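Visitor: Pasted the sequence and its predicted model underneath.
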Amino acid sequence: MSPEKFRQFYRYLEQPNFPPRFNIAPTQPVPVVVEDSGGRHFRLMRWGFIPEWVKDPAEFPLIINARKESMTSKPSFKAAIRHRRCIFLADGFYEWRREAERKQPYLFRLTSREPLPLAGLWETYASPDGGEIDTAAIVTTTANPFMAQIHTRMPVILDQEGIDKWLAVGRTTTREALALAKPCANDRLDMTAVSPRLNDARQDDEALQEETTVQETLSPPETGKRSSTRRKLSPDQGSLF
C-alpha cells in the first residue's frame, strides 16, 4: 500500500515516502500516527515500549504488546493510556501456528483491503546520557472466534469512529478508550497461509505474502461460536500476541 494511501486514510500532515515492509520485527522502527496540537502526525518509533522510569533498558523485558486488561493497573502503561495513544500503520499482521514440524505463519488483513488501524501506546524514553527515543507497543485483547483458530489474543483493530476517539487523548477518557479495545467482528478479517520464510526476520520481500498450501484449511466459524481447531500455542510458536 502506498504512503499516500495511508496519508489520505489517516489525514496526517506530513508526506513521508517510506518503503514497503513485509516482515517487521520487534525493536525495529515502525510508522505510527499520533494526534498533537489539534492535528495528526506521522512518526517513526521503536517497536518495543520502554516506560520513562526505566533505568537500564538492557535489563528491562521487551514489551511489544500492551494487554487491555492490565493497561490501567500496570505502572508501564498507566500514563500512556491517558496521554500517549497512537495507531500503528499497517495493512496486515501475522500470527503463527505449529503444523507438523514447522511454524506456519498466517497473514491477517481486512476484507476491504484498507489500512489496518492497530491501536497502540507510546512513550518517549530519555536515557541517562541525554538521548531520547520514541517507543511503542500494540494493544491486544481477547481473540474473536475467527482469530481464535490460531491464537487466544489479537490486536485491537479500530474502525473509523474508533480511530478518532483513540487518537483524541485530550477529549477521550481512559474509560472510553478502554471501551474501544475489543475484538473486531469476524467478517472484517480474512487470513492466508503464507511463506514459512517469514520465520527468518532477515527476509523482507513481497513474495513472503504469497499464499502457500498447508495441511489444514481454516475457515471463519459461525459468529459467536468457538472454532473446534482452536489450540494453545507452544512457547516457540513465534507469536506476536
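Guide: Great, that's in hand. The structure presented is a predicted model; accordingly, all values stated were derived computationally and were not measured.

Visitor: hmm, who's touching the helix or strand where residue 9 lies?
Guide: Element membership of residue 9 [criterion: DSSP states H and E] is helix 3-10. Helix 3-10 has contacts (CB atoms under 8 Å, 6 or more residues apart in numbering) with 14-18, 31, 33, 40, 42, 87, 89, 114-115, 163. Using the backbone N, CA and C atoms, a C-beta is placed for each residue, glycine as well.

Visitor: Just the strands from this structure, written as ranges.
Guide: Ranges of strands within the chain are 29-36, 39-47, 65-67, 85-88, 93-99, 102-110, 118-126, 132-142, 153-155, 189-193, based on DSSP state E.

Visitor: Read off the pLDDT value for the closest residue to residue 151 other than its chain neighbours.
Guide: Leaving aside its chain neighbours, residue 151 sits nearest to residue 95 (5.1 Å; criterion: CB to CB, 6 or more residues apart in numbering). For residue 95, the pLDDT comes out at 95.

Visitor: Residues in a beta bridge with residue 95, which ones?
Guide: Legend: beta-bridge partners of residue 95 under DSSP bridges are residue 106.

Visitor: Widest-spaced pair of the contacts of helix 3-10?
Guide: 17 and 163 (22.6 Å; CB to CB).

Visitor: what's residue 16 in contact with, if anything?
Guide: Going by CB under 8 Å, 6+ apart, residue 16 touches 3, 7, 31, 42.

Visitor: how many neighbours does the last one have?
Guide: By other CB atoms under 10 Å, the residues close to residue 42 number 19.

Visitor: Repeat that for the second one.
Guide: Residues contacting residue 7 under the criterion other CB under 10 Å number 18.

Visitor: and it, how far is that from residue 13?
Guide: 9 Å (CB to CB, to the nearest Å).

Visitor: Now the common contact residues for these two.
Guide: Contacts common to residue 7 and residue 13, judged by CB under 8 Å, 6+ apart, are residue 42.

Visitor: picking up where we left off before, what about residue 17 and residue 163, which has more around it?
Guide: residue 163 (21 against 7).

Visitor: my read: the more buried one touches residue 87, true?
Guide: Yes. Applying CB atoms under 8 Å as the test, residue 163 and residue 87 come out as touching, 6.4 Å apart.

Visitor: list the residues that contact both of the two?
Guide: Shared contacts of residue 163 and residue 87 (CB under 8 Å, 6+ apart): 10, 117.

Visitor: Export the lowest-mean-pLDDT helix or strand in the chain to PDB, keeping only CA atoms.
Guide: The weakest-scoring helix or strand in the chain, judged by mean pLDDT, DSSP states H and E, is strand 93-99 (a mean of 90). The C-alpha coordinates for strand 93-99 follow below in PDB (Å, rounded to 0.1, in the frame of the first residue of the first chain):
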ATOM      1  CA  PHE A  93      -0.400  -8.700  10.600                       C
ATOM      2  CA  TYR A  94       1.000 -12.200  11.100                       C
ATOM      3  CA  GLU A  95       0.400 -15.000  13.600                       C
ATOM      4  CA  TRP A  96       1.900 -18.400  13.700                       C
ATOM      5  CA  ARG A  97       0.600 -22.000  14.400                       C
ATOM      6  CA  ARG A  98       2.500 -25.200  14.800                       C
ATOM      7  CA  GLU A  99       1.700 -27.500  11.900                       C
END
